[in-house]
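Student: Sequence and predicted model, in that order:
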Amino acid sequence: MQGGRILAEGVDGCILSGPMWPCAEDSKGNQEVPNPSNTRYVSKIVSVEDEESGFLQMAERILGTQLSEKYLSKLQAQCKPATKLHPPKKQYAENLVKGERNILAKTWPTNENEQACGQLKRKLENGQDNLSKKKLMIITKYEMTMSELANKLLNNTIPYKTILVNIERAIPKFIMVLQKLYQNQTEQLIHIDLHTGNIFVRLNPFEFGIADFGHCVFRRQNEDPSMTFFGKFLINYVSNVPFSPRFSQIPLEARLLSFCYMKKLDNVTPSALVKAWENDEEVKEYISGTDIISSQLSQILSQLLKRILFIAMVESIQSISRKLRENLNSASALYNSFTPTEKKVVEFILTRYSIISPINTINEELMHIYPNEQLMTQNGKGSNNLIKFILKGIAAPYFQDGSSLDRALSSVQSADLGILWADIVAGKSS
């Protein structure tokens, strides 16, 4: 988040700063909102139906004040955005003028899909002074995202090892934060879009944090999880759009589930499904990339297909896919159709979004900056500790001899993967 007036945008929100977009004076809670010129915060215009503010508040509850201050882009306040129909306080009128001017001055490539800031610009150009279906989030500012850092490093002379050492030093605390979000006893929050644009960095000392909670699923103790957890992921995401192999924030099992559902391969043998996925033309396009799951897919699958527990996982994924197809209109019916093991499989897949995927996206970005560095050593091992962690984390549940799939998944899900990281760094787990 450095420089400029429009700092970032996505499908869901338009982020502005220098100054922030002001709140309407008649907005409830306006007294809690910082001055729009306060450089410690940014403003994000989103739909009133956007769930991010609720997810941010949940993350803050789970992590507590101290960790939230350090590892989240926190929600400071939210309000109704100012317009000419609903003006800000008089002293902030110029901030609204500047905000509109900055939006109107922004241009985008003609081939770029319109996102939130573009939609806002179109409204202003058409004289639509109505943001009644929008709300304004005031969130804490961070230095930059991991993807922005990568862009800065593309034409640098900083050695690979120097950057790698800094990243690896930051991983233990990041793992601790990520695990807290899904291992909490009373409520669990799963961020399913932790790509490097949603992971921020602090440079001194080097640390990672979470920047955007726009796409999450959650569940709470003693509450029905059928819609907010199982149904939202399966019905809203898996059944709606194919999970492209270019998205490194998607874990291996979720990619396989998406492929199975979209290709309608619920009833073939597990090995036939896995081989069809491995040999899919779109999947093969990414073999030469730096996403470990895509680039090493054949090697990973050749090992996993020898494991009874992985075959059991594939069979469960196929059953989940069949039941999803049969229960698209009811999250409750879908949830009730699952066996206890199938519920555990969905739960486990979701937790991998929160622990394996972020490390994979960070490593993908790092290796993209340094294309001459090898992903794997000559003896087939990961060339750095990030890669070793990803590969060990993927394999962990399937190499537990004598265990049921349910027990194996539960043990890995509840484990402290910070210990796995420490063992890898110490050379105890190659």
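Tutor: Cool, the structure landed.
Student: do you know how far residue 137 is from residue 81?
Tutor: Note on residue 137: its distance to residue 81, by Cβ to Cβ, to the nearest Å, is 10 Å. For every residue, glycine as well, the C-beta is placed using N, CA and C.
Student: What residues does residue 37 make contact with?
Tutor: Neighbouring residues of residue 37 by Cβ atoms under 8 Å, 6 or more residues apart in numbering: 19, 20, 95.
Student: what touches both of residue 137 and residue 81?
Tutor: With Cβ under 8 Å, 6+ apart as the test, residue 137 and residue 81 both reach residue 45.
Student: about what we covered before: most surrounded residue in the contacts of residue 37?
Tutor: Counting by other Cβ atoms under 10 Å, residue 20 has the largest number of neighbours within these, with 28 neighbours.
Student: mind listing the helices for the stretch 201-350 of the chain?
Tutor: When secondary structure is read from DSSP state H, counting those that start in this stretch, the stretch 201-350 of the chain shows helices at 252-263, 270-278, 281-284, 292-295, 297-304, 308-326, 331-337, 340-353.
Student: And the contacts of the third one?
Tutor: I take that to be helix 281-284. 244, 245, 259, 277, 294, 297.
Student: which among those residues end up buried?
Tutor: For those, a burial check counting by 16 or more other Cβ atoms under 10 Å picks out 245, 259, 277, 294, 297.
Student: Out of those residues, which two sit at the greatest distance?
Tutor: 259 and 294 (12.5 Å; Cβ to Cβ).
Student: Looking at the contacts of helix 281-284, which one is closest to residue 211?
Tutor: The closest of these, once distances to residue 211 are taken by Cβ to Cβ, is residue 244, at 21.8 Å.
Student: what number of residues lie near the closest residue to the closest one other than its chain neighbours?
Tutor: Excluding the flanking residues, the one nearest residue 244 by Cβ to Cβ, 6 or more residues apart in numbering is residue 282, at 7.2 Å. Residue 282 is flanked by 11 other residues according to other Cβ under 10 Å.
Student: With residue 91 instead?
Tutor: Neighbours of residue 91 under the rule other Cβ under 10 Å: 10.
Student: For the remainder of this discussion, apply numbering that starts at 828.
Tutor: With the count now opening at 828, the last piece we talked about shows up as residue 918.
Student: I'd like the distance between it and residue 846.
Tutor: Taking Cβ to Cβ, one finds residue 918 at 12 Å from residue 846.
Student: Then residue 982?
Tutor: From residue 982 over to residue 846 the distance is 32 Å, taken as Cβ to Cβ.
Student: Test my guess that residue 886 contacts residue 1039.
Tutor: No - counting by Cβ atoms under 8 Å, residue 886 sits too far from residue 1039 to count as a contact (11.2 Å).
Student: for the closest residue to residue 1038 other than its chain neighbours, helix, strand, or coil?
Tutor: Closest residue to residue 1038 in three dimensions, ignoring its sequence neighbours and counting by Cβ to Cβ, 6+ apart: residue 1027, at 4.3 Å. Here residue 1027 is recorded as strand under DSSP: H, G, I helix; E, B strand; the rest coil.
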